[in-house]
Structure formats: C-alpha cells, structure tokens
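sequence plus predicted model, see below.
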Amino acid sequence: MAEHSLKISYPSAGTALLVLNGDWTLDKAKLDWHVLQRDLESQDTLREIRLESQALGEWDSRLLTLLQNLCDFVAEREISLDLSTLPEGATRLLNLSHAVPEREGAKRSQKRVSPLNRLGELTLNAWRELLTFNAFVGELILSFGRLLSGRASFRWIDLLRFLQSAGPEALPIVTLIGILVGAVLAFVGAVQLQMFGAEIYVANLVGLGSVREMGAMMTAIIMAGRTGSAYAAQLGTMQVNDEIDALKTFGISVMDFLVLPRTLALVMMLPLLTIWADVLGIIGGMLVGVLVLDITLLEYLIQTQESMDLGDVAVGLVKSLIFAVVIAMSGCLRGLQSGKNSSAVGNATTSATVTAILLIVIWDAITTILFNQLGI
C-alpha cells in the first residue's frame, strides 16, 4: 500500500477538502493535529469540511483519533462535516463514541487548563519551532552546496532584482538612521564625559560603538522590518495563489528557486550597508562634536582613527553576515509557513519581523560575548 498522507485543499470559498491516502495505522501514520488545526483556523470563511477516503488502506485507532478531533473542531465552530466516504466500520465506531451523552460539568472541567499545562504547551511549541528552524537551516546549507557545485536552479534576473531591493533602495532609510544613531551616541556620551572635561573621548565612543555594534545591529533591524517582512509577504502570497505547490509539482526546488537568491542578496548587500551606516554614524557623532562640544574637525578625526582599527570593523562585518542570514531565513520560513488567506499573509509578515529581530538580538549578544572572550 502507498505511504499514508493527508492532503488539504480549498476547492471553493468556505470549503476544505481532506483526502486520505494509504494506511492509517499506529505504526505507519503520524499526524500533528495542531498543524492541521492551525491550517483550518486560518480560513476565516470556513463553513464545510469534506473528507475523501476512497484511497484509504488499512486503518485503526489512528484514523479514529483524527476523526474525533475533526468532529470536536467542527462542533465548536458550527461547521458541517461530510464523512459519507468513510468505511462503514469507521462510521459505526465514530457513532458509538458519541452514543453515550457527556457527563454534566465535564465540558467545564475540561476547559480548565493549569499553568503547568500551559507551560508544557509553550515548551512543546518552542521545541517544534526549533526543530523546524533547524531543518530549514539544513536545507539552506544543502542549497548553498548545490550553488557551489553549479546545480542550483534559479533565475539570475531574480537575484539582480533582490540586490536592487536590498541594496540601493534601502540606502535612504539606512542613511537617515545611521546619522541619527551616531548623533544620539555622541549626545549620550557627552552628558557624562563633560563632567570630567573629557569631551574628546566622544569620538572614541561613537567610533567603536558604530563599527562594532550599532552600525550592524541598527542596519539589520531596519532590514528585518523592510526586507525580511517583504520576503514573508511575497512567499505568503505565493502560498495563497498555489504558486509554491505548482513549483513542487514541476519538480523545482523551492529552496533553490525562492529562498537561495533572497538569501544571497542580503548576504551581499547587508555588509555594504553596514559599512555605509558606520561611516554615517561617525559623521553624525562628528557633527555633534564639532557643532555642540567645540571639538575641532581635525581633533575628532584623529581621535576616531586612534580609537579603532580594522579588527573592530571586521567584528561589525562578521555580525552583519550573521544578521543577513537570520533575516533572510526568518522571512522565507514564515512566508513558506503561511496559510492560504490574506490574514495569514499578514500574520506571517508580522511573525517574520518579530522572529528576525529576536534572533538578531540573541546573535548579537552571543557574538559580543564570544569576541570579548577571544580578546577580539
């Protein structure tokens, strides 16, 4: 018998079609009900669920568990469920499970969820997210391997378009934020340094702060909200239009064709944007130092040059490369996980931004501690 599978489609608005294939037994079939439930809940206009089981093979309590979950799901949401194609034995067992009336008060007690239960669910969800993210990392690494061996298939015109979007088109916002961050760093440092008559060291603070931390981090956060969310919206819309399913049908690798060029574009552009933000941050601090703190232009430039070296610049560039991969992966993963309606695309976009910013902060902390321990 063919391997078990459950395919879900939406042939019309408000209708979901579940097609069961293969053997649905405890030793062969595995199904995460929560994934299926989230997919069904993403359909705001869902009014009917139809089940087709003509290709169903052997079955046991694994199938009945799925059917029971479906019955509970439709009962809570007042959705019709068509089980007319089920085997007669499965229909009788399902009817038998509903023959005994529910004990009074059982529903109320069932809804009470203890804090420990909630903690367990959150832990399991976090673990599932971690496994999914790790699997996505592995697929992306394999895709890079195919690129190096010349076997990756994507359109180079797409890569050029993504380079344009992630590079030159992002310059205005990066320019504005870079200057403002440098000016803010100078003002914050000046408040304390003026107490000791050491205003000249504002140049050290702004220079090191920009090239080691703020330049890469602020640029990454901007790109997470601008480009990472755009990736999620693009791939989410492709999910809605069944374009990704069409690519899989034609045997085209989604990782190579969709994810790889977007990741390459960010990996190539984010370090360049980081260098640009570093320079502008130093210029922003210099404007404050010269115009507000009465530091001469030459003194500021000499102090900045003496306070940092190429190693500090390299630290920021290494961080920017890590941030680029994190942003691209977060946007593409959330887009591929999107449901098939407009609200699901919006949720995927929001989730991509939140995930990217969270991982940026985590990786920034990890790399900062690591570089400090190594004396870099």
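In hand now; what should we look at? Numbering: from 1, shown residues only.

give me the most central residue, the chain.
Closest to where the C-alpha atoms of the chain average out (Cα atoms, centre = their mean) is residue 330, at 2.6 Å.

doesn't residue 229 make contact with it?
No: contact criterion Cβ atoms under 8 Å: residue 330 and residue 229 do not qualify, at 9.3 Å. (Each C-beta comes from the backbone N, C-alpha and C, glycine too.)

identify the contacts common to those two.
Both residue 330 and residue 229 are contacted by residue 352, under the criterion Cβ atoms under 8 Å, 6 or more residues apart in numbering.

in this structure, what helix or strand scores lowest on average pLDDT?
Sorting the helices and strands of the chain by mean pLDDT, DSSP states H and E puts helix 106-110 at the bottom, at a mean of 49.

counting by contacts, list what the helix or strand following that helix packs against.
For helix 106-110, the succeeding helix or strand toward the C-terminus, using DSSP states H and E, is helix 115-148. The contact analysis (3 or more Cβ pairs under 8 Å, 6 or more residues apart in numbering; DSSP states H and E) places helix 115-148 against helix 260-291, helix 310-336.

for residue 245, which of the ones you listed is the nearest?
helix 310-336 (11.4 Å; Cβ to Cβ).

what's the first helix or strand after the closest one?
Toward the C-terminus, helix 310-336 is succeeded by helix 342-374 as the next helix or strand (DSSP H and E).

can you mark which positions in that next one are buried?
Neighbour-count burial for helix 342-374, counted by 16 or more other Cβ atoms under 10 Å, picks out 344-345, 347-349, 351-353, 355-357, 359-360, 363-364, 367, 371.

low-confidence regions, the stretch 251-376 of the chain specifically.
By pLDDT under 70, the stretch 251-376 of the chain contains no weakly predicted segment.

contacts for the top strand by length along the chain next, please.
Ordering each strand of the chain by length in residues (DSSP state E) puts strand 48-59 first. By Cβ under 8 Å, 6+ apart, the surrounding residues in contact with strand 48-59 are 1-2, 4, 14-25, 40, 63, 70, 74, 79-83, 85-87, 90.

now that strand: average pLDDT?
The pLDDT scores in strand 48-59 average 81.

ok, that strand: who's next to it in the sheet?
In the sheet, strand 48-59 lines up against strand 15-24 (parallel), strand 80-82 (parallel) (DSSP bridges).

only C-alpha atoms, please: export stretch 263-279 in PDB.
Taking C-alpha atoms only, stretch 263-279 is exported to PDB below (Å, rounded to 0.1, in the frame of the first residue of the first chain):
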ATOM      1  CA  THR A 263      19.500  35.000   1.000                       C
ATOM      2  CA  LEU A 264      22.400  35.700  -1.400                       C
ATOM      3  CA  ALA A 265      21.100  39.200  -2.000                       C
ATOM      4  CA  LEU A 266      21.000  40.000   1.700                       C
ATOM      5  CA  VAL A 267      24.400  38.400   2.400                       C
ATOM      6  CA  MET A 268      25.900  40.500  -0.300                       C
ATOM      7  CA  MET A 269      24.200  43.800   0.500                       C
ATOM      8  CA  LEU A 270      24.000  43.900   4.300                       C
ATOM      9  CA  PRO A 271      27.800  44.200   4.900                       C
ATOM     10  CA  LEU A 272      28.000  47.000   2.400                       C
ATOM     11  CA  LEU A 273      25.100  48.800   4.100                       C
ATOM     12  CA  THR A 274      26.700  48.200   7.500                       C
ATOM     13  CA  ILE A 275      29.900  50.000   6.300                       C
ATOM     14  CA  TRP A 276      27.800  52.800   5.000                       C
ATOM     15  CA  ALA A 277      26.000  53.100   8.300                       C
ATOM     16  CA  ASP A 278      29.300  53.000  10.200                       C
ATOM     17  CA  VAL A 279      30.600  56.000   8.200                       C
END
